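# Here is a sequence together with a model predicted from it:
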Amino acid sequence: MIKRIIIGGIIFSLLSVILVGCTPAKTEQQEGILIGLSVDSIVVERWQRELEILVATVNELGAEIDVQIANEDIDKQNQQIRHLIEQKVDVLIIVPNDARAFYDVISEAHKNGIHVIAYDRLIMHPDIDLYVSFDNEAIGKGIAQRLMDTFVSNIDFENPEDKTTYNLLIINGDPKDNNSKLLNKGFYASIQPHIDTGIVRVIDETWANEWREQYAKDLVEQHLMNGTRIDGIIAANDVLATGAIEVLSKWRLAGEVLVVSQDAELSACQRIVEKTQLATAYKPIYDLASTTAKVAVNMAKNEKLITNDKIYNDYFDVPYLKLDAYVVDINNMESVIIKSGFHRKEDIYRNIESESESD
């Protein structure tokens, strides 16, 4: 696993030049497997890594892949999916910008006998063949529970005068992304019992369109300017956590306000060991990307599809290949992140080492 990620990092700089949109259309003479990959955006760190793994794995399996990146433009993604259909791809892997924005093109793909895989984000459409993702509700529940456990551990239950109520902000993801709703459901599964007992109070929450960190910055800034005490923040991903902690740092509250999020980006792991962030969720994206590539090639060969769950997408129960994720904090950073090779120890502790050297 470690070697494959390193190799992928070397070839990624070439992918956008060589592979994106450059795979030739299939002809009668060309009977090899062609996979189409439509990606909403690769701005976030994890998507860049997953793209390289997907491409490398498909090629290792002897198939070709046509990659299209829409740069968060729904119309452009629709056009790119139509392009992939015209290329007569065998399987479409789609990371959608909007769960409901691709009805016509997916219907067209189905009419052309093309299998469709919703990658990481569920698509609301009756012609989806497979959904591959992590258990997003469990991720939301896990990171929220880590925060709740910390709050509870700070309460002196033997002291009747200790009636602490912790003020909580929730920064949800893009409302067009079904994962945001699943995460939010998970958040409240862990929070609600503590709301009921008066330990926690949700003072505000917002939904970040396009996962923009500005929404996180604005929400935190607004409450701090109003003099509101903030004890904890649940952010739907590390980008939103970055925005929140940037504002907390400006107010000299980074580390005092407990923040949790997901994706285990390098910056989040650095903040955890620097004690300005409490936890994040690590999603083994190598497993997600490589498994999806293998399944796509098998689907192109009309081999039997094996899944471990189903998920309702407003039309039917979609076959669901569900992977596990892990909550990571300072206590298991070494065993989960470093030993897996997801990030190097020297990179995670870079800022701490730099401060030590300057002293």
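Received the coordinates, thanks. Numbers count the residues shown, from 1 in each chain.

# need the strands for this protein, in chain order.
34-39, 64-69, 91-95, 115-119, 130-134, 166-172, 200-207, 232-235, 258-260, 280-282, 309-312, 317-323, 326-328 (DSSP state E).

# Using TSV, lay out these together with distance to V336 and mean neighbour count.
Any C-beta I mention is one placed from the backbone N, CA and C, and that applies to glycine too. Putting the strands of the chain into TSV (distance: least, Cβ to Cβ, whole Å; neighbours: other Cβ atoms under 10 Å) gives the following:
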stretch	distance to V336	mean neighbour count
strand 34-39	26	26
strand 64-69	30	23
strand 91-95	25	27
strand 115-119	23	24
strand 130-134	15	22
strand 166-172	24	23
strand 200-207	27	17
strand 232-235	19	28
strand 258-260	15	27
strand 280-282	6	26
strand 309-312	23	14
strand 317-323	15	17
strand 326-328	5	21
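
# right, so of those strands, which gets closest to D156?
strand 166-172 (14.0 Å; Cβ to Cβ).

# Just want the angle from the closest one to strand 200-207.
Strand 166-172 runs at 20 degrees relative to strand 200-207, counting by axes from the mean of the first three to the mean of the last three Cα atoms, to 10 degrees.

# Can you give the distance of strand 166-172 from its chain's centre?
In this view, strand 166-172 has its centroid 19 Å away from the chain centroid, taken as Cα atoms, centre = their mean, to the nearest Å.

# Likewise for stretch 36-44?
12 Å.

# do stretch 57-72 as well
From the chain centre to the centre of stretch 57-72 is a distance of 19 Å (Cα atoms, centre = their mean).

# gap between the two ends of that stretch?
From its first residue to its last, stretch 57-72 covers 25 Å (Cα to Cα, to the nearest Å).

# number of nearby residues for the nearest residue to G186 once chain neighbours are set aside?
In space, G186 comes closest to G140 once its chain neighbours are excluded; the distance is 2.4 Å by Cβ to Cβ, 6 or more residues apart in numbering. By other Cβ atoms under 10 Å, the residues close to G140 number 30.

# Quickly note the distance from G140 to P284.
17 Å (Cβ to Cβ, to the nearest Å).

# on that earlier part again, save the strands of the chain as JSON lines, and put in mean pLDDT and distance to R82 too.
Shown next, in JSON lines, are those (pLDDT from 0 to 100; distance: least, Cβ to Cβ, whole Å):
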{"stretch": "strand 34-39", "mean pLDDT": "96", "distance to R82": "10"}
{"stretch": "strand 64-69", "mean pLDDT": "96", "distance to R82": "10"}
{"stretch": "strand 91-95", "mean pLDDT": "96", "distance to R82": "11"}
{"stretch": "strand 115-119", "mean pLDDT": "97", "distance to R82": "13"}
{"stretch": "strand 130-134", "mean pLDDT": "97", "distance to R82": "21"}
{"stretch": "strand 166-172", "mean pLDDT": "98", "distance to R82": "31"}
{"stretch": "strand 200-207", "mean pLDDT": "98", "distance to R82": "30"}
{"stretch": "strand 232-235", "mean pLDDT": "98", "distance to R82": "35"}
{"stretch": "strand 258-260", "mean pLDDT": "98", "distance to R82": "40"}
{"stretch": "strand 280-282", "mean pLDDT": "98", "distance to R82": "35"}
{"stretch": "strand 309-312", "mean pLDDT": "94", "distance to R82": "26"}
{"stretch": "strand 317-323", "mean pLDDT": "95", "distance to R82": "23"}
{"stretch": "strand 326-328", "mean pLDDT": "97", "distance to R82": "38"}
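
# Show me the one of those strands that comes nearest G341.
strand 280-282 (11.9 Å).
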